[in-house]
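# No letters, just coordinates:
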């Protein structure tokens, strides 16, 4: 119960923070093929990362590892093995505030580099990952469709409730291949 209240207050704070900002009109036609730098927010909930492999493999075919920045939770080491030469931004539990928003230090590390595309690979809505994607000011922010996602992503991948984790990531990879 307390976590839901904190998340609701965090969402209200995010809405207040973004109340005057508007998304620019974006043409998705060649957004990925023309991108020079990408930010990927790996699942922050501690779930295994092997299901995200289709998305990572697709991006590695199109970009060098130096062009892909990775946001990971403190405990995650699998992402470091998959993208050894990528800049890594680790989020410690102490870097998430009471309202489940990332602290300024995390945002500063994520925004030191310009990103053309930000991709959130969290299947469930997590306020820190959505907030980080939005704060990067990337023209294209991609995540899975879910309640509250409209505030943070301008492109959302629809998945079915009966699909497995791997199938959801395969759907995202196939969707990204179109661009």
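Okay, I see it. None of the values given here were measured: they were computed from a predicted structure. Residues are numbered from 1 along each chain as shown.
# Give me the phi and psi angles of residue 5.
Main-chain dihedrals, residue 5, degrees, to the nearest 10: phi -70, psi -40.
# From the structure, what's the count of residues near it?
Counted with other CB atoms under 10 Å, residues neighbouring residue 5 total 10. (Glycine included, C-beta is placed from N, CA and C.)
# so what's it scoring on pLDDT?
Per-residue pLDDT puts residue 5 at 83.
# Next one: it relative to residue 135, how far apart?
23 Å (CB to CB, to the nearest Å).
# now swap in residue 125 and tell me
Per CB to CB, residue 125 is found 16 Å from residue 135.
# so who does residue 170 touch?
With contact set as CB atoms under 8 Å, 6 or more residues apart in numbering, residue 170 has these partners: residue 54.
# Now name the helix or strand holding it.
Element membership of residue 170, judged by DSSP states H and E, is helix 165-177.
# now that helix: how far from the chain's centre is it?
Put simply, helix 165-177 sits 14 Å off its chain's centre (CA atoms, centre = their mean, to the nearest Å).
# Find the nearest non-adjacent residue to the residue positioned nearest the centre of the chain, please.
By CA atoms, centre = their mean, the chain has its centre lying nearest to residue 120, at 2.1 Å. Spatial nearest neighbour of residue 120, chain neighbours left out: residue 143 (3.9 Å); criterion: CB to CB, 6 or more residues apart in numbering.
# same question, residue 62
Nearest one to residue 62, counting by CB to CB, 6+ apart, is residue 32 at 6.9 Å.
# so the one you found sits right up against residue 61, yeah?
No: if you go by CB atoms under 8 Å, residue 32 and residue 61 don't touch, sitting 11.2 Å apart.
# higher neighbour count, these two?
A direct count of neighbours by other CB under 10 Å for residue 32 and residue 61 places residue 32 higher, at 21 against 8.
# Look at residue 134 and say how many residues are nearby.
Residue 134 has 22 nearby residues by other CB under 10 Å.
# Ok, residue 83 next?
Residues lying near residue 83 (other CB under 10 Å) number 21.
# Just after the lowest-mean-pLDDT helix or strand in the chain, pick out the following helix or strand.
Among the helices and strands of the chain, helix 78-82 carries the lowest confidence by mean pLDDT, DSSP states H and E, at a mean of 69. Helices and strands here follow DSSP H and E; after helix 78-82, the next one along the chain is strand 88-91.
# packing partners for that next one?
Taking 3 or more CB pairs under 8 Å, 6 or more residues apart in numbering; DSSP states H and E as contact, the helices and strands that strand 88-91 lies on are strand 68-73, helix 104-111.
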